[in-house]
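Engineer: With the input below, show me the fold.
(one chain, ligands or ions: 1)
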Amino acid sequence: MKLRDVAIGANASMYKRMQFRRIQGVYYPKSEAELLDALRHAHEKGYDVTAKGAGSGLSGACTGGNRERVMISSLHLTNVNSISLEGRFADVGPGATPNEINEKLRPLGLRFFVAPSSRDVATVAGLVSTDGGGNDTWANGTMRDNTVSVRLITHAGDILEVDREGVRSDNEELQENLNRVGMTLDDVASSHGTLGFIAEVRVAIKPIVEEKTAGALVEFEDYDAMGAGLLQTIDRKCPVRYGEAVVMAHEDVREGLNPPLLILEFPHDFEMEFCNADVKKLTRNDLTRLQDLRLKLPKRNPNVGIQVALFEGYGLHGDSLEHMGRTIHEIDDVLRSNGMEPFAKYGHAPSKWYLGDNTPAFGLIMHSREIKPEGKTGPEIYQAVEEIVKKCDELGVTPKPEHKWIYSDDAKKKRLLELRAIMGDSFNSFIFESDCASQTLSTMV
Ligand SMILES: Cc1cc2nc3c(=O)[nH]c(=O)nc-3n(C[C@H](O)[C@H](O)[C@H](O)COP(=O)(O)OP(=O)(O)OC[C@H]3O[C@@H](n4cnc5c(N)ncnc54)[C@H](O)[C@@H]3O)c2cc1C
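Structural biologist: Numbers count the residues shown, from 1 in each chain. Got it, this is the predicted structure:
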């Protein structure tokens, strides 16, 4: 095994069995000049490129599949290059994490408001590429809502500045062609590294405002009541600052919790009400204890067996939230028919994400954990993932909302193909192969 075989290995997804020998080069550029050199090499040799941040993405896109490819990491491009107090933005290297950025902003009383649980490792370019966000997206929006523009470099080395209005580039023909089809930041958001290398991100920054908040626990009779309660919170645009849901939890880890329930934090002078459940006010200590219990759910195991994240996330909104009981039971039926026992379901609510056609969706981002069946092969486990994606499409659930699961998102895929036809099609091409799911990914489980 060569050094390059392990150098780029970190990857949080379940797609681990990579053919490292197909990687033709691994680059860790320290400047834009070195990045352009790496891209020039890939372009001259005709190699596909996979851009990689921290590898914390869960959809497998940062693996590059099993193609012959060059990997380019952003982990040495972490500078906060400049901060504009007047313009309320900061220009940061693609490898900077939210925590690193906020360390620089805190003394100035400012903050970059994107806070995924992985904020200590996830990079801003990775967050743009997956349109990530934390449990505060209801209040603060997703990564695209907090991005002013990105600097994107194509396989041929053309530099594009992409913002909400369009594209600017020294390559006037390319600029004109991309503006003709209306390319904007929305296209780069959630593009899974398929358009180019994000070399810099201009993030929006805002003042930190101290606010007195109150906490509450809301227990619902059943899933349908929870769905109705959430729809009511969304309709009323309730000022929820922190919203976590425990939809179900295995008895071994329930610790006195009575799901389905919501743990909420909101301005102390706001009257939080539900038409179908009581709101129990929480002391600061109880709020912290419940938040902690919720955070520990994915880290604990049942008394017998171990938990797995077969399918990382579900976005329930509209009809799927209104009929939440049916939605959950039908998903559980698919899990059980594949040998999985539901273990815990929890997540951010109310929350926000974007659909593949860039319309915002509001609802529950629900993570799901299962008890692992014995003796299943990788392809058999992947079969369950595919069945769930199909079920989600049927139920109007957004599969993997943080990652927009582009393998099943036809609107996003079609748009990315249109743009790649203009700007080059050599970034993360494996995602567009017709057998990406059935062959590449399933053999990597
Ligand atoms: C414990 C844990 C908790 C998590 N919690 C959350 C959460 O709360 N919210 C959430 O949204 N996500 C969460 N995630 C998922 C993950 O952190 C996000 O998807 C994150 O955006 C990935 O960033 P990354 O730097 O690790 O990117 P990677 O995993 O390295 O890559 C992800 C995608 O971005 C592309 N990419 C990376 N860098 C570039 C670049 N410079 N140019 C172009 N494309 C690029 C890659 O090709 C790939 O397609 C969590 C993951 C873990 C492991």
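Engineer: Leaving out the residues flanking it, which one is nearest to Val247?
Structural biologist: Take Val247 and drop its neighbours on the chain: the residue closest to it by Cβ to Cβ, 6 or more residues apart in numbering is Lys345, 3.9 Å away. Heads up, the C-betas are built off the backbone N, CA and C, glycines and all.
Engineer: Buried residues, whichever helix or strand that neighbour is part of. List them.
Structural biologist: Lys345 belongs to strand 341-354 when assigned by DSSP states H and E. Within strand 341-354, the residues that qualify as buried are 342-354, counting by 16 or more other Cβ atoms under 10 Å.
Engineer: Let me have those residues in CSV, extended by distance to Asn135.
Structural biologist: Formatted as CSV, the buried residues of strand 341-354 follow (distance: Cβ to Cβ, whole Å):
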residue, distance to Asn135
Pro342, 22
Phe343, 20
Ala344, 16
Lys345, 15
Tyr346, 10
Gly347, 8
His348, 4
Ala349, 9
Pro350, 10
Ser351, 7
Lys352, 11
Trp353, 12
Tyr354, 17
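Engineer: What is the neighbour count of Glu312?
Structural biologist: 21 (other Cβ atoms under 10 Å).
Engineer: by contact count, what packs against the strand holding Lys345?
Structural biologist: Under the contact definition 3 or more Cβ pairs under 8 Å, 6 or more residues apart in numbering; DSSP states H and E, strand 341-354 sits against helix 137-140, helix 223-235, strand 242-249, strand 313-317, helix 324-337, strand 360-371.
Engineer: Same question for the shortest one: list its buried residues.
Structural biologist: What it means is helix 137-140. For helix 137-140, the buried set under the neighbour-count rule, 16+ other Cβ under 10 Å, comprises 137-140.
Engineer: Residue of the stretch 151-300 of the chain nearest the ligand, please.
Structural biologist: Per Cβ to the nearest ligand atom, Gly193 is where the stretch 151-300 of the chain lies closest to the ligand, at 2.4 Å.
Engineer: Verify the contact between that residue and Ala51 for me.
Structural biologist: Yes: between Gly193 and Ala51 a contact is recorded at 4.6 Å, counting by Cβ atoms under 8 Å.
Engineer: Residues in contact with both of those two, list them for me.
Structural biologist: Counting by Cβ atoms under 8 Å, 6 or more residues apart in numbering, the shared contacts of Gly193 and Ala51 are 62, 129, 427-428.
Engineer: show me which of those neighbour the ligand.
Structural biologist: Filtering these for proximity to the ligand by Cβ under 6 Å from any ligand atom leaves 62, 129, 428.
Engineer: Which single one of these is nearest to Val334?
Structural biologist: Val334 lies nearest to Cys62 out of these, by Cβ to Cβ, at 26.8 Å.
Engineer: my read is that closest one is in a helix, agree?
Structural biologist: Yes: using DSSP: H, G, I helix; E, B strand; the rest coil, the assignment for Cys62 is a helix.
Engineer: what number of residues lie near it?
Structural biologist: Counted with other Cβ under 10 Å, residues neighbouring Cys62 total 28.
Engineer: Could you verify my assumption that it touches Ile72?
Structural biologist: No: shown here, Cys62 and Ile72 do not form a contact pair, counting by Cβ under 8 Å, at 11.0 Å.
Engineer: helix/strand/coil for Asn285?
Structural biologist: Per three-state DSSP, Asn285 ends up helix.
Engineer: Please tell me how far it sits from Thr213.
Structural biologist: 14 Å (Cβ to Cβ, to the nearest Å).
Engineer: and if you look at Ser74?
Structural biologist: On the measure of Cβ to Cβ, Ser74 and Thr213 end up 35 Å apart.
Engineer: Most widely separated two among the buried residues of strand 341-354?
Structural biologist: Farthest apart among the buried residues of strand 341-354 by Cβ to Cβ are Phe343 and Tyr354. That separation is 28.7 Å.
Engineer: Can you tell me the SS state at the nearest residue to Thr142 once chain neighbours are set aside?
Structural biologist: Distance criterion Cβ to Cβ, 6+ apart; nearest residue to Thr142, sequence neighbours excluded, is Gly133 at 4.0 Å. On the three-state scheme (three-state DSSP), Gly133 is labelled coil.
Engineer: Tell me the pLDDT of Gly133.
Structural biologist: Reported pLDDT at Gly133 in the predicted model: 91.
Engineer: And the strands in the stretch 1-150 of the chain?
Structural biologist: Per DSSP state E, counting those that start in this stretch, the stretch 1-150 of the chain carries strands over the ranges 23-27, 48-52, 69-73, 80-84, 89-92, 110-111, 147-153.
Engineer: Tell me which of those strands sits nearest to the ligand.
Structural biologist: strand 48-52 (3.6 Å).
Engineer: pLDDT score for Trp405?
Structural biologist: 66.
Engineer: nope, Phe311 is what I was after
Structural biologist: pLDDT for Phe311: 78.
Engineer: Phi first, then psi, for it.
Structural biologist: phi -140, psi 110 (degrees, to the nearest 10).
Engineer: coming back round to it: may I see the buried residues of strand 341-354 arranged in JSON lines, with pLDDT and distance to the ligand as well?
Structural biologist: Converted to JSON lines, these look like this (pLDDT from 0 to 100; distance: Cβ to the nearest ligand atom, whole Å):
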{"residue": "Pro342", "pLDDT": "94", "distance to the ligand": "20"}
{"residue": "Phe343", "pLDDT": "95", "distance to the ligand": "17"}
{"residue": "Ala344", "pLDDT": "95", "distance to the ligand": "15"}
{"residue": "Lys345", "pLDDT": "96", "distance to the ligand": "15"}
{"residue": "Tyr346", "pLDDT": "94", "distance to the ligand": "12"}
{"residue": "Gly347", "pLDDT": "92", "distance to the ligand": "9"}
{"residue": "His348", "pLDDT": "92", "distance to the ligand": "7"}
{"residue": "Ala349", "pLDDT": "95", "distance to the ligand": "13"}
{"residue": "Pro350", "pLDDT": "96", "distance to the ligand": "15"}
{"residue": "Ser351", "pLDDT": "95", "distance to the ligand": "10"}
{"residue": "Lys352", "pLDDT": "95", "distance to the ligand": "11"}
{"residue": "Trp353", "pLDDT": "94", "distance to the ligand": "9"}
{"residue": "Tyr354", "pLDDT": "93", "distance to the ligand": "12"}
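Engineer: Alongside the ligand, which residues does the stretch 151-300 of the chain contribute?
Structural biologist: Applying Cβ under 6 Å from any ligand atom, we find that the stretch 151-300 of the chain lies next to the ligand at 192-193, 197-198.
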